[in-house]
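S.K.: Provided below are the primary sequence and the corresponding predicted coordinates.
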Amino acid sequence: MESTMTKPRGLVALWWLALLTLSYFVAGKFGLSLAFVHANASPVWPPTGIAFAAFLVLGSRVWPAILVGAFLVNVTTAGSVVTSIGIAIGNTLEGHLGADLVRRFANGRNVFDRSRDVFKFVLLAALFSTTVSATIGVTSLTLAGYAHWRDYGSIWFTWWLGDAVGALVVGPILVLWCVRGGVPWSRARLLEGVGLLAVVIIVSALVFGGISGEALSFLCVPPLIWAAFRFGQKGTATAIALLAGLATWGTVHGLGPFADGPPNESLMLLQAFLGTMAVMSLLIAAVVAERKRDEAALARLASIVESSDDAITSKTLGGVVTSWNAGAERLYGYSAGEAVGRPNSIIIPPDRPNEMLRVLARLERGEHIEPFETVRRRKDATLVEVSVAVSPIRSSSGKVIGASTIARDITEEKRAEAALREATALRSVASLALAAAHEINNPLTVVWGEIQLLAREVGARWESRIEAMLEALERIRDVVARMNRINRLEQAEQLKNLPEMLDLNKSSGPSGQTGDRPGAPD
């Protein structure tokens, strides 16, 4: 089963490698058809972009296709098998090195998402890695006697420039269309895209269609900016590739602002122009994409802040309110319109006027502020207990320019904590009372019995005093009985009556009767 599945996959991989080899070969033959300074060195070299994109998207396993394609291009054009092998090795290493550097240092397949990664792509893949192919190729030709050492510099520069611009123009469109998921276009957007392509064609015809004048070359800038702002990196790369194809056709046929000099010089000037346009457009597209992502992130953050139950506000280092969410409106009673632009002191109680100013001063010095509990004043002058977390707001240079505050109403938490403390204290009193009751109960029983025995033995002369003693004992028995009942109180609501239960003044009266007279002591 495994072998039957492996064979189709292997065949598909071979077909892809064969297609890549064919694409490289066709593009290479087209490039070498424009070689004027040497048969193997052209200022127009799209295969560099193909190799870079293939290595970046598909990985190192595509090296045989690039190597074979480069070898066939050169061996069927000029030189020998040995020089063709050397050139093919240089072209393969160039693409592999450029893709590897971008993968390591420039965000890999997403290299065109951020402006700083586009800069790295230009430096690493377009300007640096292309020196490998130019150096190995020209050196191979010179050592084999197919080029003179005196021409080394001009051949090398032509070779390098063609490779560099090929990476800048062809590489982005292949990478972007291969790895980036597409967003469904509306009919209006599709019509706008067709209009953009039509404008690029019209401008290319005007600039490179026979109307002389170098100033007209700058007509190419507006459509590329349009593409960068409206159609992102994909649309920009497509517009650049279309412009490059039409501009190359016109210059080869002696048309356009760069066609006045020798063919190789004209093409090199054109390549320098196209490379500049490509770098500019890709950077603008990346900056626009970054801004859109930042706006989307800010919108999500604003939505979270606005829907939060906590009071989230921001202020300058001088204490002036700059933002005020719905949670702050509910907590403090001020609307955003009433609070923004006013000093933060509108919610500070009079007894702590400098509290927030001291916090802001500490933030400005770079100190970390731990969350703290404090009191704030509402619009109706009532006070509310809050837990406050303060964090700095920094500028793009890292300087602290304000503070963000998150405040949460902890009034109910404080009430619950106070109730818990009171209940704990009352339970402690109850435990003490219960222990005391047990200690008093036994000797009280003995005294009660002895007085009753004494009453039988003495005469009427001591009757009033014995009755007074029994009445006093009755009151003690009443207190002990209530203390014994405490161990049956388990709920917090019952514990609220504990002070009243232990009030000795509410014991039995002179008659010795109580509202809830207990039985004989245990």
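M.R.: Nice, thanks for sending it over. As the structure is a computational prediction, the values presented were derived from the model and not from experiment.
S.K.: Going along the chain, name the helices of the stretch 1-150 of the chain.
M.R.: 2-32, 47-58, 63-75, 81-105, 115-121, 130-143 (DSSP state H, counting those that start in this stretch).
S.K.: quick one, which of the ones you listed is packed in tightest?
M.R.: helix 47-58 (a mean of 26; mean count of other C-beta atoms under 10 Å). From N, CA and C alone the C-beta is placed, and that goes for glycine too.
S.K.: give me every residue that touches Phe273.
M.R.: Going by C-beta atoms under 8 Å, 6 or more residues apart in numbering, Phe273 touches 217, 247, 258.
S.K.: how about these in a markdown table, adding neighbour count and distance to Glu306?
M.R.: Converted to a markdown table, those look like this (neighbours: other C-beta atoms under 10 Å; distance: C-beta to C-beta, whole Å):
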| residue | neighbour count | distance to Glu306 |
| --- | --- | --- |
| Ser217 | 18 | 49 |
| Ala247 | 24 | 50 |
| Phe258 | 23 | 55 |
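S.K.: what's the closest non-adjacent residue to Leu93?
M.R.: Nearest non-adjacent residue to Leu93, counting by C-beta to C-beta, 6 or more residues apart in numbering: Val132, 5.2 Å away.
S.K.: Quick one, grab the pLDDT at that neighbour.
M.R.: Note for Val132: predicted pLDDT of 97.
S.K.: does it really touch Glu94, like I thought?
M.R.: Yes. The pair Val132 and Glu94 qualifies as a contact (C-beta atoms under 8 Å) at a distance of 4.8 Å.
S.K.: So for stretch 316-331, what gets flagged as buried?
M.R.: 317, 319, 321-329, 331 (16 or more other C-beta atoms under 10 Å).
S.K.: same thing with stretch 34-48?
M.R.: Buried-residue list, stretch 34-48, by 16+ other C-beta under 10 Å: 34-38, 40-48.
S.K.: Just the ones of these in strands?
M.R.: Using DSSP state E, no member of the buried residues of stretch 34-48 sits in strands.
S.K.: I'd like to know which of the residues you listed is nearest to Glu192.
M.R.: Distance to Glu192 across those (C-beta to C-beta) is lowest for Pro46, with 28.0 Å.
S.K.: quick one, what contacts the residue nearest to Leu93?
M.R.: Here Val132 is in contact with 90, 93-94, 97 (C-beta under 8 Å, 6+ apart).
S.K.: try 6 Å this time
M.R.: Applying C-beta atoms under 6 Å, 6 or more residues apart in numbering, we find Val132 in contact with 93-94, 97.
S.K.: now the strands for this protein?
M.R.: Under DSSP E, the chain gives strands at 311-316, 321-324, 372-377, 383-394, 400-409.
S.K.: Tell me, what's the model's pLDDT at Asp151?
M.R.: 95.
S.K.: circling back to that earlier point, and the buried residues of stretch 34-48, which is closest to Ala418?
M.R.: Nearest to Ala418 among the buried residues of stretch 34-48 is Thr48, at 75.7 Å by C-beta to C-beta.
S.K.: And the closest one, how close does it get to Ala164?
M.R.: Per C-beta to C-beta, to the nearest Å, Thr48 is found 8 Å from Ala164.
S.K.: Which of the buried residues of stretch 34-48 sits closest to Arg358?
M.R.: For the buried residues of stretch 34-48, the nearest to Arg358 is Thr48 (61.9 Å; C-beta to C-beta).
S.K.: thought that closest one was touching Ala167?
M.R.: Yes. Between Thr48 and Ala167 a contact is recorded at 4.9 Å, counting by C-beta atoms under 6 Å.
S.K.: ok so, going back, between the helices of the stretch 1-150 of the chain, which one is closest to Arg300.
M.R.: Across the helices of the stretch 1-150 of the chain, closest to Arg300 is helix 115-121 (C-beta to C-beta), at 22.1 Å.
S.K.: Please flag which of the contacts of Phe273 sit within helices.
M.R.: Ala247 (DSSP state H).
S.K.: can you redo the contacts of Phe273 as a markdown table with distance to Ile304 and pLDDT?
M.R.: Formatted as a markdown table, the contacts of Phe273 follow (distance: C-beta to C-beta, whole Å; pLDDT from 0 to 100):
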| residue | distance to Ile304 | pLDDT |
| --- | --- | --- |
| Ser217 | 48 | 84 |
| Ala247 | 48 | 96 |
| Phe258 | 54 | 90 |
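S.K.: ok, Thr83 - contacts?
M.R.: 140-141, 144.
S.K.: residue ranges with poor pLDDT in the protein?
M.R.: Within the chain, the stretches with pLDDT under 70 are 1-8, 180-183, 211-215, 423, 426, 429-439, 441-442, 458-461, 482-522.
S.K.: Residue ranges of each domain in it, please.
M.R.: When the chain is parsed with automatic domain parsing, its domains come out as 11-181, 184-307, 309-409, 415-506.
S.K.: how far away is the residue nearest to the spatial centre of the chain from His38?
M.R.: Nearest residue to the geometric centre of the chain (C-alpha atoms, centre = their mean): Ala297, 7.8 Å. Computed with C-beta to C-beta, the distance linking Ala297 and His38 is 52 Å.
S.K.: for the nearest residue to Leu267 once chain neighbours are set aside, what are its contacts?
M.R.: In space, and not counting its chain neighbours, Leu267 is closest to Pro43: 4.2 Å by C-beta to C-beta, 6+ apart. Contacts for Pro43 (C-beta under 6 Å, 6+ apart) come out as 158, 161-162, 267-268, 271.
S.K.: Dump those residues to a markdown table, plus distance to Glu471 and neighbour count.
M.R.: Putting the contacts of Pro43 into a markdown table (distance: C-beta to C-beta, whole Å; neighbours: other C-beta atoms under 10 Å) gives the following:
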| residue | distance to Glu471 | neighbour count |
| --- | --- | --- |
| Thr158 | 126 | 27 |
| Leu161 | 121 | 22 |
| Gly162 | 122 | 28 |
| Leu267 | 126 | 27 |
| Met268 | 125 | 23 |
| Gln271 | 120 | 27 |
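S.K.: What is the nearest of those to Lys29?
M.R.: Nearest to Lys29 out of the contacts of Pro43 is Gly162 (C-beta to C-beta; 14.0 Å).
S.K.: count of neighbours near Arg475?
M.R.: By other C-beta atoms under 10 Å, the residues close to Arg475 number 16.
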